[in-house]
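Peer 1: Sequence first, predicted model second:
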Amino acid sequence: MITALYSDQLIAENAPMDRRIAALVRARGNRIGYIASGPDPERAFFDEKRQYYAKYGLSLDLFVDLDALSGDEEISRLFSCDAIHLSGGHTGDFLRRLRQSGMLDKLRAWALNDGILIGTSAGAILMTPTIAVDALFSGGSPNTVRDGAALNMLPFEFFPHLDDDPGYFSALLRYSETTATPILACRDGEGVIISNGLVEIFGAPLMIFDGYAEAADHGRIADLLSRA
């Protein structure tokens with residue numbers, strides 16, 4: 001399993017991470033499937049992402065609307081791609097669509113069977129056990145989230161856009177005192193790639209746990225992975 005978790009993607013600071021995930025995808029082929037978090041009738045977000053990946057020699061050639069899946073053939077085409085991109089957007093709505101379409105378990109099984117899954121913001125949050133931290137973006141508390149179980153492929157939660165609001169850091173510290181799962185918090189331009197247990201950190205993300213924060217460390221994340 002290979003997972004790439006971005007806070008944001010379409011900015012120059014992500015170029016080192018882009019090059020690395022592109023190399024991992026190109027080792028298998030160049031086709032990436034795209035699962036939209038919500039409606040994109042004009043394909044504006046999809047087209048922007050397609051142009052972005054094209055710079056790295058990758059082809060984003062399949063758009064999947066979870067509200068309008070056409071059947072097993074479309075699902076087979078998606079899972080025949082060399083990688084799958086989970087878009088940003090409203091995390092709760094994205095999770096609801098994955099559940100209602102029956103794709104949550106299918107996507108998890110595909111990823112765990114040596115798939116490459118790339119997530120931006122909401123898409124990255126979904127790779128973790130719960131989307132609880134997403135509540136902070138709407139002024140809520142992660143502790144009030146009761147139905148946030150997500151793909152659960154990684155042994156930590158993920159919080160993007162840490163630099164968007166100075167209040168996010170203190171809120172995450174408080175939340176970390178009430179949950180046993182560490183939180184990886186990234187500013188835009190930061191992220192992590194986990195490739196079959198190998199951890200690559202881009203930028204200076206924070207690992208937050210038990211009311212404390214420290215620089216994310218390859219060894220700590222690898223240890224979490226080994227114990228998961």
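Peer 2: Now that the structure is in, tell me what you want to look at.
Peer 1: OK, contacts around the residue nearest to Arg26 when sequence neighbours are not counted?
Peer 2: Leaving aside its chain neighbours, Arg26 sits nearest to Gly57 (6.4 Å; criterion: CB to CB, 6 or more residues apart in numbering). C-beta here means a position set from N, CA and C on the backbone, and glycine is covered the same way. Contacts of Gly57 were listed using CB atoms under 8 Å, 6 or more residues apart in numbering, and they are 22, 26, 30.
Peer 1: any chance of those in JSON lines, plus secondary structure, distance to Ser170 and neighbour count?
Peer 2: Shown next, in JSON lines, are the contacts of Gly57 (DSSP: H, G, I helix; E, B strand; the rest coil; distance: CB to CB, whole Å; neighbours: other CB atoms under 10 Å):
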{"residue": "Ala22", "secondary structure": "helix", "distance to Ser170": "36", "neighbour count": "18"}
{"residue": "Arg26", "secondary structure": "helix", "distance to Ser170": "41", "neighbour count": "14"}
{"residue": "Asn30", "secondary structure": "coil", "distance to Ser170": "43", "neighbour count": "18"}
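Peer 1: between those, which is nearest His218?
Peer 2: Ala22 (21.0 Å; CB to CB).
Peer 1: For Tyr52, see how far away that closest one is.
Peer 2: 11 Å (CB to CB, to the nearest Å).
Peer 1: now do Glu200
Peer 2: 20 Å.
Peer 1: Surely Ala222 forms part of a strand?
Peer 2: No: read with DSSP: H, G, I helix; E, B strand; the rest coil, Ala222 is helix and lies in no strand.
Peer 1: what residues are up against it?
Peer 2: So Ala222 contacts 197-199 (CB under 8 Å, 6+ apart).
Peer 1: Quick check: phi and psi at the residue nearest the centre of the chain.
Peer 2: Residue closest to the average C-alpha location in the chain (CA atoms, centre = their mean): Ala124, at 1.3 Å. Main-chain torsions, Ala124, degrees, to the nearest 10: phi -70, psi -40.
Peer 1: excluding its backbone neighbours, what's nearest it?
Peer 2: Leu5 (3.8 Å).
Peer 1: Tell me the secondary structure at the spatially closest residue to Leu86 that is not a sequence neighbour.
Peer 2: Of all residues not flanking Leu86 in the chain, Gly123 sits nearest, at 2.8 Å (CB to CB, 6+ apart). Three-state call for Gly123 (three-state DSSP): helix.
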